[in-house]
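Trainee: need coordinates for the following:
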Amino acid sequence: MKQEAKGNGGPGKSRRCFRPRLVEVMRGNYSRMDLTGDMMAGVTVGMIALPLALALGIASVPQGVETAFPAPALGIFTAIIGGFLISVFGGSRVQIGGPTAAFIPIILLVIEQHGYGGLLVATMMAGVLLVVMGLARMGSLIKYIPWPVTSGFTTGIAVAIMATQTGDFFGIHTDDAPPREFLERMHWLVEHVGSAHVPTVLLAIVSLVVILVWPKFGWKRVPGSIVAMVVATIAVMVTGWDSAGGIATIGSKFGEGAIPARLPGFAFPAFSLDTVRDLMGPALAIAVLGSIESLLSAVVADGLCDDRHDSNTELVAQGIANLTCPLFGGLPVTGAIARTSANVNNGGKSPVSGIVHAVTLLGIVLVFGRWATHVPMAAMSAVLVFVALRMGEWHELARLRRMPASDALVLVATFLLTVIFDLVVAVEVGMVLAAMLFIKRVADTTEVSRVSSEDVLERPEQLAHGKEIPDGVLVFRIFGPFLFGAAEKMQDAIERAEIQPRVLILRLHLVTAMDATALNALESVVERVRKHGGVVVLSGLHRQPLDTLRKAGFVEVVGRANLVAHFDDALARAREVMADEEAGA
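Mentor: From the prediction side, this is the model:
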């Protein structure tokens, strides 16, 4: 198949901006085998979600704050209701929704400033914003948030989550609640580290080790977090450490009714126009974070199952879930990357697996909820520390020296602002910095040259006209600066081709600049093509893009032989690769 595309557009627009994938699946050839796979995956993800929902509920609500239900129950109810709605109305076949660790810092901030009632109202306002964004076809606008900003605040959130767990992880209990701000929390930790409870610390460390090493035993259908939670609970109950040893449990901290054996009732939160005005900032932050997390999760899912989600429908579904959960006392919800990946890896193929995951959680709560009061807080803390370790993009901090200086500045600034202040400030400053540096980069790479009678637009070796493109070779040409606003255009154009090329040629001779977001997109394309046994060839690189690839170590990733000077060399390299494949076969 022969094709050349400019890569200058997103996915084709449909007349409808709300098309739940569940409806599409049910109208298609959904088989009994598909149902069996979805049920197995849903049960597995439900078990994975149980300890996470408990831990996220506990971490999201400071002790002493009056809520409709105890904090652990809020996490569970949110996972059940939000997960069900996102699967029913979502634009991804395999997305799993629920509470996520990314929301913890902003939830704590809203509760501190506006109370639990303010959080409910802000979440519903965020739901309205998400629905409006989806109906207005704004799903594609997420691509204009630069990758250094998302990477910076994601890693910053991970650090902030670990900071919130210091009290439960070390067993430090004081009369006053630990401060929320990071620097003050670290000062509090230094002051009280001498009063750490040794059995609690040991139990937390053992629980974390179990979670980390359990996957190496190959029992993927039983999550390590469940194993750690059960082992820690049995150990505390057998030894009597929960009463005699002073190890805090969910029951000792939140009471015997911490997990009610029933679903919550409907209650509309009270609000006024002044409340709505005060909560516009937090609501916008929840909506932006929720949209970023859910669409990033959907993109990851697309890569795992070779599908393509509907971003606008997904935003509407996230909005519906965030509008509904507060009516039952719940927390903000979004797509969960780890749970979505587990869903795909365990055989989930449709939204039915997400529905089964919610039903599984409901069944566990109704049948075994009373036993959850014996779970040690140290084990819950270990679960969240593990989540934070996995969500943080630590490898990007190690690559700072190899990034363009401007992108490294944006990443570090967003990271530090998220940790020291809050996510709202971090995203605002990060976006402003990125926009300013974007303008500078475009200005720096604009060239003005005198035209003479000898000038031609492209040299003969760069021209594609009249040259045969072999079957199995896909060719794309990119025009202009390849920066964060244009990075997704390339991915969209390649996905629209709907074939898996043996050789993908990217013509970059008209690309004057490249940033970290474009590099990240390029890495994703290379990984996807290689996953299907293909090769990527880059032709015509200018100095700045080549320096960016070299500093990031990407030259070795794509292979030096696959970086060529012009289009003729790229075609020759493609024929060489295909000849080698045929000879090897």
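Trainee: just the buried positions in stretch 547-555, please.
Mentor: Buried residues in stretch 547-555, counting neighbours by 16 or more other CB atoms under 10 Å, are found at 548-549, 552, 554-555. (Glycine included, C-beta is placed from N, CA and C.)
Trainee: what bridges to V473?
Mentor: V503 (DSSP bridges).
Trainee: let me have the buried residues of stretch 547-555 in CSV, extended by secondary structure and distance to Y116.
Mentor: Listed next are these as CSV, based on DSSP: H, G, I helix; E, B strand; the rest coil; distance: CB to CB, whole Å:
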residue, secondary structure, distance to Y116
T548, helix, 47
L549, helix, 49
A552, coil, 45
F554, helix, 47
V555, helix, 53
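Trainee: could you pick out the longest helix of the chain?
Mentor: helix 104-135 (DSSP state H).
Trainee: quick revisit: now the buried residues of stretch 547-555 in CSV, with pLDDT?
Mentor: Converted to CSV, the buried residues of stretch 547-555 look like this (pLDDT from 0 to 100):
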residue, pLDDT
T548, 87
L549, 90
A552, 86
F554, 88
V555, 90
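Trainee: so where is the stretch 201-350 of the chain shaky, pLDDT-wise?
Mentor: 242-245 (pLDDT under 70).
Trainee: what about the helices in it?
Mentor: Ranges of helices in the stretch 201-350 of the chain, per DSSP state H, counting those that start in this stretch, are 224-239, 250-254, 273-278, 280-305, 311-324, 337-345.
Trainee: out of those helices, the one nearest G46 is which?
Mentor: helix 337-345 (9.5 Å; CB to CB).
Trainee: what residues of that closest one count as buried?
Mentor: So for helix 337-345, counting by 16+ other CB under 10 Å, buried means 337-344.
Trainee: burial measure for A565, as a count.
Mentor: Residues lying near A565 (other CB atoms under 10 Å) number 13.
Trainee: returning to what we had before: relative to A565, which of the helices of the stretch 201-350 of the chain is closest?
Mentor: Distance to A565, taken as CB to CB, is lowest for helix 280-305 among those, at 31.0 Å.
Trainee: neighbours of the residue lying closest to R502 once chain neighbours are set aside, how many?
Mentor: Excluding the flanking residues, the one nearest R502 by CB to CB, 6 or more residues apart in numbering is G472, at 3.9 Å. For G472, the neighbour count with other CB under 10 Å is 17.
Trainee: picking that back up, tell me the most buried of the helices of the stretch 201-350 of the chain?
Mentor: Counting by mean count of other CB atoms under 10 Å, helix 311-324 has the highest mean neighbour count of the helices of the stretch 201-350 of the chain, with a mean of 27.
Trainee: hey, C-alpha coordinates of that helix in CSV?
Mentor: Taking Å, rounded to 0.1, in the frame of the first residue of the first chain, the C-alpha atoms of helix 311-324 are listed here in CSV:
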residue,chain,number,x,y,z
SER,A,311,-12.0,11.7,23.4
ASN,A,312,-15.1,13.8,23.4
THR,A,313,-17.4,11.0,24.5
GLU,A,314,-14.8,10.1,27.2
LEU,A,315,-15.0,13.7,28.5
VAL,A,316,-18.8,13.6,28.7
ALA,A,317,-18.6,10.3,30.6
GLN,A,318,-16.1,11.7,33.0
GLY,A,319,-18.4,14.6,33.5
ILE,A,320,-21.4,12.4,34.2
ALA,A,321,-19.5,10.4,36.7
ASN,A,322,-18.2,13.6,38.5
LEU,A,323,-21.7,15.0,38.5
THR,A,324,-23.2,11.8,40.0
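Trainee: the helices of the stretch 201-350 of the chain: which one's closest to I96?
Mentor: That would be helix 337-345 among the helices of the stretch 201-350 of the chain, by CB to CB, at 4.0 Å.
Trainee: name the SS class of the closest residue to R573 other than its chain neighbours, please.
Mentor: Excluding the flanking residues, the one nearest R573 by CB to CB, 6+ apart is V537, at 5.2 Å. Three-state call for V537 (DSSP: H, G, I helix; E, B strand; the rest coil): strand.
Trainee: partners of V537 in the sheet?
Mentor: Beta-bridge partners of V537, as defined by DSSP bridges: I505.
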